[in-house]
Every structure is written in C-alpha cells, then in structure tokens.
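S.K.: Please find the sequence and the predicted model below.
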Amino acid sequence: MGYDDRNAPYSKGDFFRNIGWMLAGGVAVAVLVVGSGGLRLGDRARSFLQDLFHSAQPEPKADVQSVVVQQVRGVSELTTAVFTMQAVVPTSQDATFNGFVIGTTKLLYIAYGEVRAGVDLHSLTPANVQVTGSSMQIQLPPPQLLDRKIDVGRSTVYDYSRGTLGLGPDVAPALQALAQQEALKKIVEAACTDGVLEKANDRAKLAVTQLLTTAGYQNVTVTTQPPSSGNCPAILPSK
C-alpha cells in the first residue's frame, strides 16, 4: 500500500520553517515601508532646510554719510579756479658814502604768477552730510587759496643797471628775490580783488553736484561756506 505525502501531517520542522519564512517576509516588507518613509522624511527635511536658509533675509545696510564722504574725499583738493597774471616789478638799492648816495643799482623784473583756489575735501566729515529719505544735502568746506607761485621759467629780469659809473652795489640776486616776493604779493592781491575765492566756491558746488549725481545719488543739494578770514590779505585803498 502506497503512502501519499500530501495527506501526511506537518512535522515540527516544517512548521517552524514556514513560520521563519513568514517572519522574514514580514521583516522585508517592514524594511521597504520604513525605507520609503525614510526617503519621504529625508525629502521633507531637505525642503525644510532649504526654506530655512533661503527665507527672506534682512536688507544690507550702508552708512550713506560715510560713503559720500569717501567718494568726495577721493577728489582730494578740488581746484576750481586758477588766476594767472603778469606783474612788472622795479627794484633798486643805493650805495652810500658818508651818508651820500654815490650810486644806485636798478633791476626791472617781469613776473608771471599763478594762484589756485578751491576747497580742501580732506576736511569733509560725516557731519557735513545730511540724508532725509531720497534727498541729500552736503556742505562743502570754505574755499581757500590752495597754491600761489611765480613761474620762474617764464619770468625774467628785463633790465639790470648799476648806474652810469657802475658805482651801484652788485646785488642782482637779492634784488631779483625781492622782485619775486613783491610780484607774488601783487598777483595774490589781484586774484583776491578779482573774486577768485567766490568763483572757486561756485565751481566747487557745481563739480560736487555733478560728481554725486553721476555716482547715482538723487535730489542732491550742495551748499557752500564763505571764505575763511586770512586767505586773502587785506586790500588797502590806493592813495
């Protein structure tokens, strides 16, 4: 009589073997579910971090006053008016003996001089800049004489004489130096009388306005100050 294995009862080994396979399959399914959930969790975490770091940040701030001061200071000394002039200066010196003049040396000097006026932008401070909304007001330093000089290359001794008998002192270098000093004084006085400082003020205002407008600032108002005392010598009325 044959034996049919299909109708035979399960042995204990078969039973535990099947239980093992079922547990293994369940663990695999759980791993897949957890893994897919982990992927979704990772996506959400990345999205959260991206939103965190890409959220709206505070706008950068700039000290407009300091920026303007640095830009204007970059121009350094702003020369806005130049006065040139030719001056003819005679000089002389006597030679004496026992209180009597025995000879005279004369020197005639033709001088070419130049006076530069403007504003020293190094003295500009943030206190000179006021910003209200889209408007800006900047006050320039007072104008001053930035340079004054004799152009010795163009200037010349036009005439030099020690008198008919040549008894005048031989003092050409001293007379020439004196002539240059007097010529420079005359040229500075003429420049001040001509209003070189006022012209420098007006042109500096225009130049700084154009500078700031070109830099992108709007509604710019530039104010000036009167010249400081001591820049121009006191001009005495002619007698």
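M.R.: Sure thing, it's come through.

S.K.: Which positions within the host helix or strand of Val208 qualify as buried?
M.R.: In this assignment (DSSP states H and E), Val208 forms part of helix 196-214. Using 16 or more other Cβ atoms under 10 Å as the test for burial, helix 196-214 gives 196-201, 203-205, 207-208, 211-212. For glycine as for every other residue, the C-beta is placed from the backbone atoms N, C-alpha and C.

S.K.: same question, stretch 159-178
M.R.: So for stretch 159-178, counting by 16+ other Cβ under 10 Å, buried means Tyr160, Arg162, Gly163, Gly168, Pro169, Val171, Leu175, Gln176, Leu178.

S.K.: nearest to Glu189, of the residues you listed?
M.R.: Lowest distance from Glu189 to those (Cβ to Cβ) belongs to Leu178, with 16.8 Å.

S.K.: what helix or strand is the closest one on?
M.R.: helix 172-193.

S.K.: Give me the contacts around stretch 89-103.
M.R.: 104-111, 162-163, 165-169, 171, 174-176, 178-179, 182-183, 186 (Cβ atoms under 8 Å, 6 or more residues apart in numbering).

S.K.: For it, measure first residue to last.
M.R.: 20 Å (Cα to Cα, to the nearest Å).

S.K.: Kindly report the same for stretch 164-178.
M.R.: For stretch 164-178, the end-to-end distance is 23 Å (Cα to Cα).

S.K.: what does stretch 89-104 give?
M.R.: Using Cα to Cα, the end-to-end distance of stretch 89-104 comes out at 16 Å.

S.K.: of the buried residues of helix 196-214, closest to Asn128?
M.R.: Using Cβ to Cβ, Val208 is the member of the buried residues of helix 196-214 that sits closest to Asn128, with 11.0 Å.

S.K.: who does the helix holding Leu178 touch, helix- and strand-wise?
M.R.: Helices and strands touching helix 172-193, by 3 or more Cβ pairs under 8 Å, 6 or more residues apart in numbering; DSSP states H and E, are strand 77-97, strand 100-120, strand 144-150, strand 156-161.

S.K.: In the second one, which residues are buried?
M.R.: Applying a neighbour-count criterion of 16+ other Cβ under 10 Å, the buried positions in strand 100-120 are 103-105, 107-120.

S.K.: Give me the average confidence score over the next helix or strand after it.
M.R.: Downstream of strand 100-120, the first helix or strand assigned by DSSP H and E is strand 129-132. The average of the pLDDT scores along strand 129-132 is 83.

S.K.: on contacts alone, who are the packing partners of the following helix or strand past strand 129-132?
M.R.: Per DSSP H and E, strand 129-132 leads on to strand 135-139 as the next helix or strand towards the C-terminus. Secondary-structure packing of strand 135-139 (3+ Cβ pairs under 8 Å, 6+ apart): helix 64-73, strand 129-132, helix 196-214, strand 220-223.

S.K.: right, so of these, which gets closest to Asp147?
M.R.: Per Cβ to Cβ, nearest to Asp147 of those: helix 196-214, 11.7 Å.

S.K.: Report the angle between that closest one and strand 77-97.
M.R.: Angle, helix 196-214 to strand 77-97, by axes from the mean of the first three to the mean of the last three Cα atoms, to 10 degrees: 160 degrees.

S.K.: any chance of the buried residues of stretch 159-178 in JSON lines, with pLDDT too?
M.R.: As requested, the buried residues of stretch 159-178 are exported to JSON lines (pLDDT from 0 to 100):
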{"residue": "Tyr160", "pLDDT": "95"}
{"residue": "Arg162", "pLDDT": "94"}
{"residue": "Gly163", "pLDDT": "91"}
{"residue": "Gly168", "pLDDT": "91"}
{"residue": "Pro169", "pLDDT": "94"}
{"residue": "Val171", "pLDDT": "94"}
{"residue": "Leu175", "pLDDT": "96"}
{"residue": "Gln176", "pLDDT": "96"}
{"residue": "Leu178", "pLDDT": "96"}
